[in-house]
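In: Can you look at this prediction? I've put the sequence above it.
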Amino acid sequence: MSNFWLHPSLILILGSLLLPFVPSRLKKGYLLLIPLLVFARTLALAKGIFGQVQFLDWTLVFGPVDALSQVFGYIMSLMCILGTLYGLHVKDDKQHIAAWFYVAGSIGAIYAGDFLTLFLFWELMAFSSVFLIWFRGRQQSLAAGLRYLLVHVAGGLALLAGIVWHCKTTGSWAFDATFKDLAVNHATPATWLIMIGFVLNAAVPPLHAWLPDAYGEATFNGSVFMCAFTTKTAVYALCRGFAGTEILVPLGVIMALYGVVYAVLENDCRRLLAYHIISQVGYMVAAVGLGTQMAINGACAHAFAHILYKGLLFMGCGAVLHMTGESKFTALGGLWKKMPWTFVFTLIGGLSISAFPLFSGFVSKSMIVSAGFEEHKLWVGFLLMLASAGTFLHTGLKVPYFIWFGKNQPKPEVWNRAAEPPWNMNVAMAVTAFLCIFIGCYPLWLYKMLPFPEEAFKYLPQVYSGYHVSETLQILLFTGLGFFLLLKKLEPEAKISLDLDWPYRMGGRAFLWLARKPIQAVDTFVGELYRLAGLIPLMLAARFAALVDNDVVDGLVDGTAEAVRGIGRRLRFAQRGQMQQNLAFAFGVAAVLIVAFLLYSNH
Amino acid sequence: MKLVRLIEFLRRHLKTVVRLCFGVLALLLLVDALFVDKSHAHTGPERLPAFWSIFGFIGCVLIIILSKWYGHAGIMTREDYYDE
């Protein structure tokens, strides 16, 4: 293995496969060790192109390392540590394995230099993250997981179709600068299909409804993982392949505002946060569309900061769900007495996402807004500013206020269950909160990692200029004034809001109706016809045959039937009949085969 | 639990806290009008004193009212809507 290049995802995949064999007293240490190793490996990656593997006619490239992949690899592996620490007390190995496979998929997609590798890891992400929804174990989780899988399989198919089409016409499988030039300057139906695959994962409307549907239903720690990886990997892929695609600018701005509108209506805190992912990813998508060096820096910086503060927010709301069993505003309220530290951490997340000075969002979001203004797209700048008012309104004010304060008094059983979460959850929140403030106070640390550091350094003096601080504080504090003046209007309502998952949720029902009513009627009619024309004469013939049959053939057939029943009885024990378990088993076997193949082919 | 006591203290003196907040808002407007260098502003209106305060406040009110109107126009529905 002379040219063996240790892929960070490989550590995670092997680490998850070994997890069930680790003795329980060593488990917590092991759970922390593997993500730390992945993080160390990501930091140690030298720039260049590594991990080239010949596979049939293709050259798979597992490791082109440059500034763009490094900044995303860095934050993904960092988030893996924080997310695992947050769920450290979860005793169910399956949940950790699913989460790690998911992260492995994301990191693998980030370090993919060709479309086949990208697609492989892209699908690994979808098929492993669905378990984070299913493991919640509710009836609704099963349905939400299936919908999630369905949408992602559709997106994956669009991506695959685009990839095959593109590669057959151009003869190149490389996912690099030449592809970007083609996709931006000479877009073809194939590159459009690839973009549809990407923007579905980035949750760009109208392909966004899977996100709140799934993230609101996942396990308390599953959502912490989910909020970080899928959408931001898509932002990375868009940065790599579609920087400067004009259409992404209006789409991004629509996303930023769309999320804000639905967040007003939302009654479930985790679904509200999910809508704000759409809103925040909108900034990044718009930045990718602008495509200037400053905008791409902004997209990367904002993705980096976003993963931390959104992770923190999902940790805070996840802690409330974990401890009280509730995530609806109408069932919560006044928890400051019971969970004060969770409140402080969530507030820090809220202030970071709102881009308060000294918090992380302030140094990343402004880069995108400034890039919009500098490109003389004033409407982009102003509408994104409007969306930031909405962000503070909900995530900074509505979430903390209606969970920890407010007039609502939760039911006694909810109130009695409420308490600060286990130590590991608190530590994970504290570290993430620290990082949010650290980035806000010392932006240079983040700016140094960006794809165009020189451009970022030029922007640095503007960040804490008097004008920028005054502008931001005015917007945010006067939004706060509006919030308290209109508090009555914002009282949560025990309702759900219809979104664009309606067509496929109700479409399924229409299909079912079609199956039940008209198709059933046709079936009955055909059945009747068959009975009259075919069955009655047949029965007469059969009665005659039975006379012969009864005495001669029966003995033989009975013996065979007995044997089949015996085999069936034995098979029944092997077949457990649970779809999730069977799927998990199948994915596991597939993963082992892939790893074995990669190791073998590196010789 | 020092943190709980701090929050209790602030809640007991809510009126003072609210007055302080109004003070901060007024101070912010004053500083913006008198001291902030606006040469970096991208457009003319941004140079007006308190432009972003008005933008923030009106933006917030619009977001709340328009979203709620949209929600009540048929988008918000009963929680068991999708249950069979």
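Out: That came through fine. Residues are numbered from 1 along each chain as shown, chains lettered A, B, ... in the order given.
In: Show the residue spans covered by the strands in the stretch 251-400 of chain A.
Out: With strands called from DSSP state E, counting those that start in this stretch, the stretch 251-400 of chain A shows none.
In: got the contact list for the residue in it that chain B sits nearest to?
Out: With C-beta to the nearest C-beta as the measure, residue A:264 is the residue of the stretch 251-400 of chain A nearest to chain B, at 3.6 Å. C-beta: built from backbone N, CA, C; applies to glycine. Residue A:264 makes contact with A:390, A:393-394, A:490, B:63-64, B:67-68, B:71 under the criterion C-beta atoms under 8 Å, 6 or more residues apart in numbering or on different chains.
In: swap in residue A:222?
Out: Residue A:222 neighbours (C-beta under 8 Å, 6+ apart): A:95, A:98-99, A:129, A:132-133, A:135-136.
In: switch to 6 Å and redo it
Out: residue A:132 (C-beta atoms under 6 Å, 6 or more residues apart in numbering or on different chains).
In: Quick one: residues contacting the residue nearest to residue A:212 when sequence neighbours are not counted.
Out: Using C-beta to C-beta, 6 or more residues apart in numbering or on different chains and skipping residues adjacent in sequence, the residue nearest residue A:212 is residue A:274, 3.9 Å away. Neighbour list for residue A:274: A:211-212, A:215-216 [criterion: C-beta under 6 Å, 6+ apart].
In: ok, now residue A:538?
Out: By C-beta under 6 Å, 6+ apart, residue A:538 has no neighbours at all.
In: follow-up on the earlier one: tell me the spacing between the residue nearest to residue A:212 and residue A:395.
Out: To residue A:395, residue A:274 is 11 Å away according to C-beta to C-beta, to the nearest Å.
In: Check the offset of stretch A:321-340 from the chain's centre.
Out: 25 Å (C-alpha atoms, centre = their mean, to the nearest Å).
In: should've said stretch A:456-474
Out: 32 Å.
In: which parts of it are buried?
Out: For stretch A:456-474, burial by neighbour count (16 or more other C-beta atoms under 10 Å in any protein chain shown) applies to A:456, A:459, A:463, A:467-474.
In: Residues contacting that stretch, please?
Out: Counting by C-beta under 6 Å, 6+ apart, A:297, A:357, A:363, A:443, A:447, A:450, B:28, B:32, B:36-38, B:40, B:52-53, B:56 sit against stretch A:456-474.
In: quick one: low-confidence parts of the chain?
Out: If you meant another chain, say so; for now it's chain A. A:1-3, A:548-549, A:551-561, A:563-564, A:566-585, A:594-603 (pLDDT under 70).
In: right idea, wrong chain: chain B
Out: In chain B, residues with pLDDT under 70: B:1, B:84.
In: Quick one: neighbours of residue A:524, just the number.
Out: Around residue A:524 there are 10 other residues, counting by other C-beta atoms under 10 Å in any protein chain shown.
In: Would you mind writing the CA trace of stretch A:132-139 as CSV?
Out: Taking Å, rounded to 0.1, in the frame of the first residue of the first chain, the C-alpha atoms of stretch A:132-139 are listed here in CSV:
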residue,chain,number,x,y,z
LEU,A,132,-31.8,9.2,12.3
ILE,A,133,-35.5,9.9,11.6
TRP,A,134,-36.7,6.3,11.9
PHE,A,135,-34.8,5.7,15.2
ARG,A,136,-37.2,8.2,16.9
GLY,A,137,-39.6,5.2,16.7
ARG,A,138,-42.9,7.0,16.4
GLN,A,139,-45.4,6.1,13.8
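In: Any residue of that stretch touching chain B?
Out: No - Stretch A:132-139 lies out of reach of chain B by C-beta under 6 Å from any C-beta of the partner chain, never closer than 9.7 Å.
In: Would you map the strands across chain B?
Out: Using DSSP state E, the strands of chain B run over B:76-77.
In: Would you mind naming what in it lies close to chain A?
Out: Residues of chain B lying near chain A (C-beta under 6 Å from any C-beta): B:3-4, B:7, B:25, B:28, B:32, B:36-38, B:40, B:42, B:52-53, B:56-57, B:59-61, B:63-64, B:67, B:71, B:75-76, B:79, B:82.
In: Residue A:258 reaches residue A:205, doesn't it?
Out: Yes - the criterion here is C-beta atoms under 6 Å, and residue A:258 meets it with residue A:205 at 5.4 Å.
In: Comparing those two, which residue is more hemmed in?
Out: residue A:258 (22 against 16).
In: give me every residue that touches the more buried one.
Out: Taking C-beta under 6 Å, 6+ apart as the test, what residue A:258 contacts is residue A:205.
In: quick one: the residue in the stretch 501-603 of chain A that chain B sits nearest to and residue A:499, what's the gap?
Out: Per C-beta to the nearest C-beta, residue A:505 is where the stretch 501-603 of chain A lies closest to chain B, at 5.9 Å. Counting by C-beta to C-beta, the gap from residue A:505 to residue A:499 is 10 Å.
In: Could you tell me the phi and psi values at residue A:135?
Out: phi -70, psi -10 (degrees, to the nearest 10).
In: again, but for residue A:406
Out: phi 80, psi 170.
In: List the contacts of it.
Out: residue A:333.
In: repeat that for 10 Å
Out: Residues near residue A:406 by C-beta atoms under 10 Å, 6 or more residues apart in numbering or on different chains: A:329-330, A:332-335, A:398, A:400, A:487, A:491-492.
In: Without its sequence neighbours, what residue ends up closest to residue B:51?
Out: residue B:45 (5.7 Å).
In: how distant is stretch A:57-73 from the center of its chain?
Out: Its chain's C-alpha centre and that of stretch A:57-73 lie 21 Å apart, by C-alpha atoms, centre = their mean.
In: buried set for it?
Out: Applying 16+ other C-beta under 10 Å to stretch A:57-73 flags A:60-65, A:68-73 as buried.
In: burial measure for residue 32, as a count.
Out: No chain specified, so I'll use chain A. Using other C-beta under 10 Å: residue A:32 sits among 15 other residues.
In: nope, chain B
Out: 22.
In: and it, what does it touch?
Out: Counted by C-beta under 10 Å, 6+ apart, residue B:32 has contacts A:466-467, A:470-471, A:473-474, B:38, B:48-53.
In: ditto for residue A:198
Out: Contacts of residue A:198 by C-beta under 10 Å, 6+ apart are A:118, A:122, A:155, A:158-159, A:162, A:204, A:233-238, A:240-242, A:248, A:285, A:288.
In: Try it again at 7 Å.
Out: A:234, A:237-238 (C-beta atoms under 7 Å, 6 or more residues apart in numbering or on different chains).
In: What strand or helix carries it?
Out: In this assignment (DSSP states H and E), residue A:198 forms part of helix A:189-201.
In: Give the helix, strand or coil label for residue A:62.
Out: Three-state assignment for residue A:62 (DSSP: H, G, I helix; E, B strand; the rest coil): strand.
In: residues contacting residue 48?
Out: Just so you know, I chose chain A. Counted by C-beta under 7 Å, 6+ apart, residue A:48 has contacts residue A:65.
In: follow-up on the earlier one: among the contacts of residue A:406, which are in helices?
Out: A:400, A:487 (DSSP state H).
In: Verify the contact between residue A:20 and residue A:93 for me.
Out: Yes - in this structure residue A:20 lies within contact range of residue A:93 using C-beta atoms under 7 Å: 5.1 Å.
In: neighbour count winner among those two?
Out: residue A:93 (16 against 11).
In: what's the neighbour count on the closest residue to residue B:59 other than its chain neighbours?
Out: Nearest non-adjacent residue to residue B:59, counting by C-beta to C-beta, 6+ apart: residue A:389, 4.2 Å away. By other C-beta under 10 Å, 27 other residues sit near residue A:389.
In: can you put the contacts of residue A:198 in CSV and add distance to residue A:226, neighbour count and secondary structure?
Out: Shown next, in CSV, are the contacts of residue A:198 (distance: C-beta to C-beta, whole Å; neighbours: other C-beta atoms under 10 Å in any protein chain shown; DSSP: H, G, I helix; E, B strand; the rest coil):
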residue, distance to residue A:226, neighbour count, secondary structure
A:234, 13, 27, helix
A:237, 17, 26, helix
A:238, 19, 26, helix
